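A.B. asks: make a model of this:
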Amino acid sequence: MTRAHATTIVAVRRGGTVAVAGDGQVTVGDVVMKQRASKVRRLHHDEVICGFAGAVADALTLFDKFEQQLDKHQGNLLRAAVGLSKEWRTDKYLRRLDASLVAASADRVLLLSGDGEVIEPDEDDGIVAIGSGGPYAHAAARALLDHTDLGAEDIARRALEIAARLCIYTNDRIAVETIAAAPAAEPVAVR
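C.D. replies: From the prediction side, this is the model:
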């Protein structure tokens with residue numbers, strides 16, 4: 001069977017909010033097999049949002065492994081991502097998995113790959129995109145972040161809409177999940 005093509009996932013951080021958006025198209029060869037697939041989901045007590053590009057079964061396996069790492073590291077996104085990457089690179093079975101992940105918490109966005117990469121965008125960037133339409137979505141999100149006052153969710157959605165116009169493996173059936181940082185507690189006056 002022809003290998004399923006990737007997808008498009010984009011994560012955008014603006015202010016205290018992170019949005020992760022994914023399209024819904026599943027393509028096998030030159031046939032669109034599904035239009036409303038769910039490629040973005042919440043993990044670890046809804047504190048982490050994860051999106052995948054690549055082979056679906058492989059990504060679901062990685063979601064399970066990542067959830068285990070999040071539990072092991074009490075929800076620490078960076079430690080869990082490094083743990084998953086180590087396991088992904090060294091395990092004989094996992095090494096063959098063909099997928100990439102975007103993982104986000106309220107304060108951090110990461111890209112994870114089977115090559116052992118755990119990449120966090122620069123502080124002033126806050127954008128990560130993967131999949132066949134990833135470069136288009138990243139460029140669109142960058143322009144929207146630089147030249148509009150839109151929030152993270154709107155930027156992620158519009159970036160995917162733009163990518164869908166350019167990438168044949170991306171559609172405009174977009175799912176967006178957001179997570180916001182907890183508001184800072186106001187100092188209590190001591191009398």
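A.B. asks: please, which helix or strand holds the residue sitting nearest the centre point of the chain?
C.D. replies: Centroid-nearest residue in the chain, with CA atoms, centre = their mean: residue 102, separated by 2.9 Å. Counting by DSSP states H and E, the element that carries residue 102 is strand 99-105.
A.B. asks: for that strand, packing partners?
C.D. replies: Counting contacts by 3 or more CB pairs under 8 Å, 6 or more residues apart in numbering; DSSP states H and E, strand 99-105 packs against strand 8-14, strand 17-22, strand 48-54, helix 56-72, helix 77-90, strand 108-113, strand 127-131. C-beta here means a position set from N, CA and C on the backbone, and glycine is covered the same way.
A.B. asks: list the contacts for the closest residue to residue 70 other than its chain neighbours?
C.D. replies: Distances taken as CB to CB, 6 or more residues apart in numbering place residue 44 nearest to residue 70, at 4.0 Å, with adjacent residues excluded. Residues in contact with residue 44, defined by CB atoms under 8 Å, 6 or more residues apart in numbering, are 67, 70-71, 75.
A.B. asks: where's residue 44 relative to residue 38, distance?
C.D. replies: Distance of residue 44 to residue 38, given as CB to CB, to the nearest Å: 18 Å.
A.B. asks: looking at the contacts of residue 44, which has the most residues close by?
C.D. replies: The most neighbours of any of the contacts of residue 44, using other CB atoms under 10 Å, belong to residue 70, which has 25 neighbours.
A.B. asks: surely that residue meets residue 46?
C.D. replies: No. In this structure, residue 70 is not within contact of residue 46 by CB atoms under 8 Å, at 11.5 Å.
A.B. asks: mind picking out the helix or strand in this protein with the poorest mean pLDDT?
C.D. replies: strand 26-28 (a mean of 85; mean pLDDT, DSSP states H and E).
A.B. asks: can you name the next helix or strand after it?
C.D. replies: Criterion used, DSSP H and E; the element after strand 26-28 is strand 31-34.
A.B. asks: that following strand packs against which elements?
C.D. replies: Strand 31-34 packs on strand 26-28, going by 3+ CB pairs under 8 Å, 6+ apart.
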